[in-house]
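[1] Take this sequence and fold it.
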Amino acid sequence: MKKKILVILGGISKEREISLKSAKACVKAIKALKYKVQLFDPAKIHFSKLKNYKADLIFNSLHGKDGEDGIAQSYFEYFKFPYTHSGILSSMNAMDKIVSKKIFKKNKISSPKYFSISSLNYSPSLIKKNIKNLKMHFPIIVKPSDEGSSIGVRICKNFKILKKISKDLLKDYDSLIVERFVGGQEIQVAVMNGKALGAIELKPKRNFYDYKAKYSKKAKTKHIMPANLTKEKYKEVLNLAKKTHKALNCRGVTRSDFKFENNKFWILEINTQPGMTDLSLVPEIAKHKGISFKKLVKSIILDAGINK
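    Below you'll find the predicted structure:
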């Protein structure tokens, strides 16, 4: 008897469009693998209605809030559906950049120095004091502490701009991260079931690898696969990605984003629900490894489980 897979897609986050594109590609592959497919969009049907569905497992194609921060995973667990990708705690910790940075530090994975600000304690003088104490220099990055796909990320050239942007962002977000800007090469690594698939280098024509650089063909971001690194450094970044995946106790597929500056790797974040669109990096890295999109999706399905 054919297995029934319930694909969760869309949702209410700012990454809804990307989720729909990822799901479209994945559904095509799932059908090609001869599984029966049902669709579930939390923007139209509340998660609590999952109790009315019968499926052998859930394929999670959500991105952003509610989809990769432990919320969706909590419902999957409650209704006892085996599901793809990382579990509740791993998803929560990876999505919360403040928590993940603490985990990076504990596991001796270098991450850019930072401090956090919130809507409750917003103070320009305190921001200025933190910059001075941490010996940070402009340009400086400011970004939401719990957003994905580089949404809300800004590069600030001076304090006046930082002050304005942080104040504006706090209208939509509870907390922000103010972080040292790291130059150098953009390197991203895909990990599947604890094994690194490869590292890709990105050369965006924009200021950095932002939302448009990630998802718009017009942005013309250059992809270099494999990344232009020495053999030793290539191996080092693969090991760092595996270490990061393990440190957060992730499952299935993840993508870790690094900067390589002055002969040192700096982790920016780990993504537990990496994109699966035609411009996404994990499928591109897998393809270079000899893994077709269909095989990649099958591996994700076979890793599905509960209590992860």
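[2] What lies in contact with stretch 74-81?
    6, 47-48, 50-51, 55, 57-58, 60, 83, 87-88, 306-307 (Cβ atoms under 8 Å, 6 or more residues apart in numbering). Bear in mind the C-beta positions are built from the backbone N, C-alpha and C, glycine included.
[3] what about dumping the CA coordinates of that stretch to PDB?
    Output of stretch 74-81 as PDB, limited to C-alpha atoms (Å, rounded to 0.1, in the frame of the first residue of the first chain):
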ATOM      1  CA  SER A  74       5.000  20.800  18.600                       C
ATOM      2  CA  TYR A  75       1.700  20.100  16.800                       C
ATOM      3  CA  PHE A  76       3.300  17.200  14.800                       C
ATOM      4  CA  GLU A  77       4.500  15.700  18.100                       C
ATOM      5  CA  TYR A  78       1.200  16.200  19.800                       C
ATOM      6  CA  PHE A  79      -0.700  14.400  17.100                       C
ATOM      7  CA  LYS A  80       2.000  11.800  16.800                       C
ATOM      8  CA  PHE A  81       2.900  12.300  13.200                       C
END
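[4] Give the rounded mean pLDDT of that stretch.
    On average, the pLDDT along stretch 74-81 is 97.
[5] Same check on stretch 33-40?
    Mean predicted lDDT for stretch 33-40 stands at 97.
[6] What residues does the spatially most central residue of the chain make contact with?
    Geometric centre of the chain, nearest residue: N271, 2.4 Å, by Cα atoms, centre = their mean. Going by Cβ under 8 Å, 6+ apart, N271 touches E68, A94, G148, T254, R255, S256, D257.
[7] swap the cut-off to 10 Å and go again
    Applying Cβ atoms under 10 Å, 6 or more residues apart in numbering to N271 gives the contacts 63, 68, 86, 94-95, 148-149, 188, 190, 250, 253-257, 281-282.
[8] Count the residues that sit near K106.
    9 (other Cβ atoms under 10 Å).
[9] Spatially nearest residue to it, not counting backbone neighbours?
    A247 (7.7 Å; Cβ to Cβ, 6 or more residues apart in numbering).
[10] separation between the one you found and I103?
    For A247, the distance to I103 equals 6 Å [Cβ to Cβ, to the nearest Å].
[11] what touches both of those two?
    N93, I109, I270.
[12] and the second one, that's in a strand?
    Pointing back at I109 there. No: counting by DSSP: H, G, I helix; E, B strand; the rest coil, I109 is located in no strand; its state is coil.
[13] Let me know whether it touches I267 as I believe.
    Yes: taking Cβ atoms under 10 Å as the definition, I109 is a contact partner of I267 at 5.4 Å.
[14] Look at these two and report which has more neighbours.
    Higher neighbour count among I109 and I267: I267, with 24 against 21, using other Cβ under 10 Å.
[15] so where do the strands sit in this protein?
    For the chain, the strands defined by DSSP state E cover 4-8, 36-40, 57-60, 114-118, 140-144, 154-156, 175-180, 185-192, 195-203, 222-224, 253-261, 264-271.
[16] okay, now N130: neighbour count?
    Counted with other Cβ under 10 Å, N130 comes out at 16.
[17] May I have stretch 268-278 exported as CSV, CA atoms only?
    The C-alpha trace of stretch 268-278 is given here as CSV (Å, rounded to 0.1, in the frame of the first residue of the first chain):
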residue,chain,number,x,y,z
LEU,A,268,26.4,33.3,10.9
GLU,A,269,23.6,30.8,11.4
ILE,A,270,22.2,27.4,10.8
ASN,A,271,19.0,26.8,8.9
THR,A,272,16.9,23.7,9.9
GLN,A,273,14.4,24.2,7.0
PRO,A,274,16.7,25.2,4.0
GLY,A,275,15.0,26.3,0.8
MET,A,276,14.3,23.7,-1.9
THR,A,277,13.5,26.1,-4.8
ASP,A,278,15.2,26.1,-8.2
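[18] All set, thanks.
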